[in-house]
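Student: need a 3D model of the following:
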Amino acid sequence: MALCTNCNSSVEQGTLFCEKCVKKMDVFFAKEGKMLDEQRGVGKFIIFSILTFGIYSLYSQYTLARDVNIICEGDGKKTAGLFKSILLTIVTFGIYGVVWQGLLADRLKDNAPRYGLAFKEDGLTIVLWDVLGAFIIVGPFIAMHKILKNVNDLAREYNKAMHNKILKNVNALAREYNKTPLQELLPDEYNKTPPQELPGEYKKCPSCGVDIKTDAIVCKHCWASL
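Tutor: Residues are numbered from 1 along each chain as shown. The predicted structure follows:
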């Protein structure tokens, strides 16, 4: 939760508009409202890593840690980013790389119920696939597949929640727009003309309060019958 910079009302993470004053939130909130990648896969990872001489693997790890931290925000934990994980992996002669995946798997499993999901794979399962599975070569790839699948599932549910939140924000903005008197929507020069001197005869819509012509049978702003 944070505070709106305009009216100091509480605003949820990922909210694009304040529900009280309809002020558009800053870049931080807009960034958190972006849709996350739901299409991660081992095959894609291997192919693009080969084509880019390993650069894609670094980018993939960076975005993976970033998205997991967004999805699991509020659980009191933080998945180490690219530079920290690479440094610790080098210092520990590769051990931290396995530990990083195990911690990541545990975090995904712990946060799954928040999105109505349940994962079987925990950190120990992933570590065993990484270590013992290495003797059959494909073990580490199976571990990666399980992690990416769980991240995709969580990202999909997160995106659904963000989509619903955006619709809620748009509806709130539309409601506030419909409540705004016509004079406030017109240019300042036009508002200098007294209401009684506006072209034609006008009356207030009993539903939304906007000025409409006296002979109107339906309000063009809220579509209420007159």
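Student: in the protein, which helix is the longest?
Tutor: The residue-count maximum for a helix in the chain (DSSP state H) belongs to helix 139-179.
Student: quick one: mean pLDDT for that one?
Tutor: What helix 139-179 shows for mean pLDDT is 85.
Student: i'd like the first residue to be 53 from this point on
Tutor: All right, first residue 53 from here; so that's helix 191-231.
Student: from the middle of its chain, how far away would that helix be?
Tutor: Here the centre of helix 191-231 is set off from its chain's centre by 6 Å, with CA atoms, centre = their mean, to the nearest Å.
Student: other SSEs contacting it?
Tutor: Packing contacts for helix 191-231, counted by 3 or more CB pairs under 8 Å, 6 or more residues apart in numbering; DSSP states H and E, involve helix 94-103, helix 107-123, helix 147-163, helix 175-183. From N, CA and C alone the C-beta is placed, and that goes for glycine too.
Student: helix, strand or coil: sort out residue 260 for me.
Tutor: Applying DSSP: H, G, I helix; E, B strand; the rest coil to residue 260 yields a three-state assignment of coil.
Student: now do the same end-to-end measure for stretch 119-128.
Tutor: This stretch, stretch 119-128, spans 15 Å end to end (CA to CA, to the nearest Å).
Student: what is the mean pLDDT for that stretch?
Tutor: Mean predicted confidence for stretch 119-128 is 95.
Student: and it, how far out from the chain middle?
Tutor: Worked out by CA atoms, centre = their mean, stretch 119-128 lies 11 Å from the chain centre.
Student: stretch 179-190 too?
Tutor: Centroid displacement of stretch 179-190 relative to its chain, using CA atoms, centre = their mean, is 34 Å.
Student: show residues contacting that stretch.
Tutor: Counting by CB atoms under 8 Å, 6 or more residues apart in numbering, stretch 179-190 makes contact with 150-151, 153-154, 191-192, 194-195, 198, all of which sit outside it.
Student: nearest to residue 223, of the helices and strands packed on helix 191-231?
Tutor: Taking CB to CB, helix 107-123 is the member of those nearest to residue 223, at 23.9 Å.
Student: so what does the closest one touch, helix or strand wise?
Tutor: On a contact count with 3+ CB pairs under 8 Å, 6+ apart, helix 107-123 meets helix 94-103, helix 134-143, helix 147-163, helix 191-231.
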